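> Fold the following.
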Amino acid sequence: MIKIACITSLCVLLAGCGNRLSEIKDAVSGINSAAETAASAVGRDVHAIRAIAIDYKDTSFTVNDLFKTILRDVRWDYDAEKSELHVSGTWQAPLFSEQQWDDTMKKQLAETGVVKIKCTIKDDKIDSALTNVTLIFNDETILKMNGEDALHHLYDTYLQK
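From the prediction side, this is the model:
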């Protein structure tokens, strides 16, 4: 009688584990699906754009190197219809180092300053005339650069790092 009770209890316990195991498998499957969705959100176009080579002042680097070096927390978006690359990230020195910001302002910018960059890609190159750089702090645009000056400022900042 005791053996039957033990076997029955063990069967019930294992049946409960089977349900739990099924739930764990479903959860893992959901995580895997979410990861695949996130990976595909950064489309193949963005990966190709990030690999574009830049030659500037006898130095070669990629678009990825540029933005990963001069910004923190980089986010990418590419509009293939308009051939526009949108990059945003948190400000970090030495970007806009010519500005006369005190240490307090630099600290605040490093925490909450957002840099937004829009570049048009033509023939696997960034079109300098159609480059826009904006620095936003406390929901206000505090600095804006356009065109070749903006792009060269980004490149020069990269070379400073």
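> got any ranges where this protein has weak pLDDT?
Within the chain, the set of residues satisfying pLDDT under 70 comprises 1, 3, 5-44.
> Please enumerate the helices of it.
Assigned by DSSP state H, the chain shows helices spanning 2-41, 44-50, 63-70, 103-112, 147-160.
> what's the distance between stretch 151-161 and the middle of its chain?
Offset of stretch 151-161 from its chain centre (Cα atoms, centre = their mean, to the nearest Å): 19 Å.
> what residues does it touch?
Residues outside stretch 151-161 that contact it (Cβ atoms under 8 Å, 6 or more residues apart in numbering): 54, 56-57, 59, 61, 65-66, 69-70, 94-97, 117, 119, 126, 128, 131, 133, 145. (Each C-beta comes from the backbone N, C-alpha and C, glycine too.)
> try 7 Å
With contact meaning Cβ atoms under 7 Å, 6 or more residues apart in numbering, stretch 151-161 is reached by 56-57, 59, 61, 66, 69-70, 94-95, 126, 128, 131, 133, 145.
> tell me which of those residues is nearest to residue 4?
Distance to residue 4 across the contacts of stretch 151-161 (Cβ to Cβ) is lowest for residue 69, with 70.5 Å.
> residues near that closest one, how many?
Number of residues near residue 69 (other Cβ atoms under 10 Å) recorded here: 16.
> Look up how far residue 59 lies from it.
Residue 69 is 12 Å from residue 59, where distance means Cβ to Cβ, to the nearest Å.
> related to what we said a few turns ago, out of the contacts of stretch 151-161, who's nearest residue 83?
Nearest to residue 83 among the contacts of stretch 151-161: residue 126, at 10.4 Å, using Cβ to Cβ.
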